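Asks: sharing a model prediction with you, sequence too.
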Amino acid sequence: MIKEFEIKTQKKYEMIDVTEKIQKIVSDINEGICLVYVPHATASVIINENYDPNICTDVINFLKEKIPEGKWLHDKVDGNAAAHIKSAILGPSETIPVRDGKLLLGTWQAIMIADWDGPKTRKVIVQVVECT
Amino acid sequence: MIKEFEIKTQKKYEMIDVTEKIQKIVSDINEGICLVYVPHATASVIINENYDPNICTDVINFLKEKIPEGKWLHDKVDGNAAAHIKSAILGPSETIPVRDGKLLLGTWQAIMIADWDGPKTRKVIVQVVECT
Amino acid sequence: MIKEFEIKTQKKYEMIDVTEKIQKIVSDINEGICLVYVPHATASVIINENYDPNICTDVINFLKEKIPEGKWLHDKVDGNAAAHIKSAILGPSETIPVRDGKLLLGTWQAIMIADWDGPKTRKVIVQVVECT
C-alpha cells in the first residue's frame, strides 16, 4: 500500500512533524514495515525527539554550521549545494516497524520531514509492506 | 515476524555488537529483509567493521569531537542534546537482506547498537518481512 | 527477489550512478520496496542529484575535509580508517518505493554507490519485497 501527501514549509530550514499523519495511515495494519520517503534531493526524513522543539533547532544549527551555504561548486549553477549535501548525508527515508496498527516508535521518537531549501511544497510517500 | 531483546551499555559512549543475536533470529528465513530498529532518540544502529575494535573508537572519537557536549539549547532542559543530534543524523535503524537463513553482510560488516547517552538499558526491535 | 551486480571504481573517492541498472531490475514489479545494499565497510549507497555531477564532487570534498585521512587508531593496522568512518555514518543501504515497474525517485534523485577506499570492485545487492 502506497499513500502520498504534501506538506508546505515556510522557512529555508524547517522540520515538520508528520507522526500523526503516518500513524493514521498504518492504523489498519496487523504487522508490517512502514517506509517514509521524500522524493527530493534537498530534503530528508529524520526520526528524533520533538517534545522539546529545541532539539530540532539544535540539529538545524549544527548542520548550518558544519555545512555552510555558498562555498560549493554546484552553487555556480543553483545556489543550494549546501542543501544537497545535507540531504545526501541524512538520506531521503526512514523505515519503522508496525504492529497491531501502531508505529513502534519509542516514547521520544517523532517522524519529521526536514527541508534544507525551503520554503517549498514537499511530497511524502508512505509505503507499507505487510507481513503475511 | 517481530522479535525484541535488550542490551545494557556500561559507558556514556559505547557500541555493542549484536550481529550473532540477529543472525540467530533470521536463521529460518528463506528470503526476506531484516529491519534492526532502536526505539530511542539518543542511540543508533550502525553497520561497520568490528574485527579491529579501534574502528568503533575512531567513529566515537570523531562524533565526540564534531558534536561536542554542553553547547546546545536542549541542554537547558536535559543535558543530552549532543546525543540527540548524533542519533538524528545517524538514524535509528539499518536494513539487511537475508537469504538461505543468513544475513548478507559483507566480511567486514557487523551490526552494532551505538549508545550516545549511556549507561542505559536499550531495546532492540528486529523485524523480518519474508519474500513470498 | 535478490539480484547482484558488480561495479569497478577507478579512484580513491568516487560515486557511480547505478539508477538505470536498478530501474531495470524492478521493471516487472507491480508494487514493492527496493533495498539497495553494499556488503562493504568502506563504501556507501547515496541518493541525490547527479544531473550536475558537481554535487557529487561537493559531497566528496565535504567528507574529505571533515573526516581527513591518517589521524585515526585503525590507521596503524590498515590505512583506511577515514573510509570506515564515512561508511559507518552514511550507511550501507537505501530503500526506495516501487510502483508500476518504476522506482518512485524524485526528478533530481539518482542512486549512487560511493567508494571511500577505491579503486576496488564493489558488489551491489538489490532486493525487492513485493506487496501482496
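Replies: Now that the structure is in, tell me what you want to look at. Numbering: from 1, shown residues only, chains lettered A, B, ... in the order given.

Asks: how close does the one residue sitting closest to the centre of chain A get to A:K21?
Replies: Taking C-alpha atoms, centre = their mean as the criterion, A:V45 is the residue nearest the geometric centre of chain A, at 2.0 Å. According to C-beta to C-beta, to the nearest Å, A:V45 and A:K21 sit 13 Å apart. All C-beta spots, glycine's among them, are computed from the backbone N, C-alpha and C.

Asks: now the nearest residue to A:E130 once chain neighbours are set aside: which helix or strand?
Replies: Leaving aside its chain neighbours, A:E130 sits nearest to A:G32 (4.0 Å; criterion: C-beta to C-beta, 6 or more residues apart in numbering or on different chains). Secondary structure from DSSP states H and E places A:G32 in strand A:31-37.

Asks: next, the angle from the helix or strand just after that strand to strand B:31-37.
Replies: For strand A:31-37, the succeeding helix or strand toward the C-terminus, using DSSP H and E, is strand A:43-48. Angle, strand A:43-48 to strand B:31-37, by axes from the mean of the first three to the mean of the last three C-alpha atoms, to 10 degrees: 60 degrees.

Asks: strand A:43-48: what's the following helix or strand?
Replies: Counting by DSSP H and E, what follows strand A:43-48 is helix A:54-66.

Asks: and the angle from the following helix or strand past that following helix to helix B:81-90?
Replies: Counting by DSSP H and E, the element after helix A:54-66 in chain order, helix or strand, is helix A:81-90. When the same axes, to 10 degrees is applied, the directions of helix A:81-90 and helix B:81-90 differ by 90 degrees.

Asks: what is helix A:81-90 packed up against?
Replies: strand A:43-48, strand C:43-48, helix C:54-66 (3 or more C-beta pairs under 8 Å, 6 or more residues apart in numbering or on different chains; DSSP states H and E).

Asks: any idea of the angle the first one forms with helix A:54-66?
Replies: Per the same axes, to 10 degrees, the angle that strand A:43-48 makes with helix A:54-66 is 130 degrees.

Asks: and strand A:43-48, anywhere near chain C?
Replies: No: Strand A:43-48 stays clear of chain C (C-beta under 8 Å from any C-beta of the partner chain), getting no nearer than 9.1 Å.

Asks: quick one: closest of the helices and strands packed on helix A:81-90 to B:V38.
Replies: strand A:43-48 (10.0 Å; C-beta to C-beta).

Asks: contact residues of chain A facing chain B?
Replies: So chain A meets chain B at A:31-33, A:46-49, A:52, A:54-55, A:57-59, A:61-62, A:66, A:89-91, A:94-97, A:99, A:104-109, A:129, A:131-132 (C-beta under 8 Å from any C-beta).

Asks: ok and the residue in chain A nearest chain B?
Replies: Residue nearest to chain B within chain A (C-beta to the nearest C-beta): A:G106, separated by 3.1 Å.

Asks: that residue: which element?
Replies: Using DSSP H and E, A:G106 sits in no helix or strand.

Asks: number of residues surrounding it?
Replies: 19 (other C-beta atoms under 10 Å in any protein chain shown).

Asks: which ones are touching the closest residue to chain C within chain A?
Replies: As assessed by C-beta to the nearest C-beta, chain C sits closest to A:P39 within chain A, at 3.1 Å. Residues near A:P39 by C-beta atoms under 8 Å, 6 or more residues apart in numbering or on different chains: A:P92, A:K123, A:I125, C:L104, C:L105, C:G106, C:T107, C:Q109.

Asks: what's the first helix or strand after the host helix or strand of A:T95?
Replies: According to DSSP H and E, A:T95 maps onto strand A:93-99. Sequence-wise, the next helix or strand downstream of strand A:93-99 (DSSP H and E) is strand A:102-103.

Asks: any weak-confidence spans in chain A?
Replies: Of all residues in chain A, none has pLDDT under 70.

Asks: name every strand pairing with the longest strand along chain A and say which way it goes.
Replies: For chain A, the strand that runs over the most residues, judged by DSSP state E, is strand A:121-130. As defined by DSSP bridges, the strand partners of strand A:121-130 come to strand A:2-8 (antiparallel), strand A:31-37 (antiparallel).

Asks: in CSV: the ones you listed, plus mean neighbour count.
Replies: Conversion of the strands paired with strand A:121-130 to CSV gives the following (neighbours: other C-beta atoms under 10 Å in any protein chain shown):
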stretch, mean neighbour count
strand A:2-8, 14
strand A:31-37, 23
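
Asks: just put those strands in CSV and tack on distance to B:W72.
Replies: Formatted as CSV, these follow (distance: least, C-beta to C-beta, whole Å):
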stretch, distance to B:W72
strand A:2-8, 26
strand A:31-37, 26
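
Asks: which among the ones you listed is found nearest to A:D117?
Replies: The nearest among those, by C-beta to C-beta, is strand A:2-8 at 13.6 Å.

Asks: show me what counts as buried in the helix or strand following that closest one.
Replies: Downstream of strand A:2-8, the first helix or strand assigned by DSSP H and E is strand A:14-17. Within strand A:14-17, the residues that count as buried by 16 or more other C-beta atoms under 10 Å in any protein chain shown are A:E14, A:M15, A:I16.

Asks: test my guess that the first one contacts A:G118.
Replies: Yes: with contact taken as C-beta atoms under 8 Å, A:E14 and A:G118 are classed as touching, separated by 5.4 Å.
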